[in-house]
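Asks: Attaching a predicted model along with its sequence, questions to come.
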Amino acid sequence: MPAYRSEPNVAPDSTVETFVALKLLIDNWRWADVPFYLRTGKRLAARDTEIAIKLRRAPFVLFRDTPVDQLASNRLVLHIQPDEGITLRLGAKIPGPILKIGAVDMNLITKTILGTLPAPATNGCCMIA
């Protein structure tokens with residue numbers, strides 16, 4: 001693909017941004033210390049819209065011999081587009097005698113359940129009960 005400035009109808013000296021990443025904080029008691037990250041740009045590897053909620057770690061470690069820095073945070077991801085659904089990523093013990101924690105994804109993908117994607121929100125409302 002050609003570079004942005006090499007595309008038709010784009011000035012060769014254009015300074016238009018083609019990527020942005022923001023960290024936003026809301027200044028009220030409910031959302032204090034909760035970062036919101038927004039990323040968008042042209043020609044990214046994938047077109048994806050999602051809300052990822054990173055859950056805080058517990059203030060203690062259940063198994064004392066597990067290094068805290070190796071435990072990944074649990075996440076709840078709401079997939080908006082292109083594949084609507086929900087993923088819950090949890091840390092779970094890998095079966096066996098040695099204590100090892102690995103990531104486990106629990107996926108609920110709308111297309112898998114309904115056999116097709118729901119109509120876009122602009123054509124009405126779709127709810128999964």
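Replies: Noted; the coordinates are in hand.

Asks: Going by residue numbers, what spans are helices in the protein?
Replies: Taking DSSP state H, the helices of the chain run over residues 110-114.

Asks: So for it, the centremost residue is which one?
Replies: Nearest to the mean C-alpha position of the chain, by CA atoms, centre = their mean, lies residue 52 at 3.7 Å.

Asks: Wait, residue 81 touches residue 47, no?
Replies: Yes. Between residue 81 and residue 47 there is a contact under CB atoms under 8 Å: 7.4 Å. Backbone N, C-alpha and C define where each C-beta goes, glycine included.

Asks: Show me which of those two is the more surrounded one.
Replies: Taking neighbours as other CB atoms under 10 Å, residue 81 and residue 47 compare with residue 81 leading, 11 against 7.

Asks: Ignoring the adjacent residues along the chain, who's closest to the more buried one?
Replies: Excluding the flanking residues, the one nearest residue 81 by CB to CB, 6 or more residues apart in numbering is residue 49, at 4.2 Å.

Asks: That concludes my questions; thank you for your assistance.
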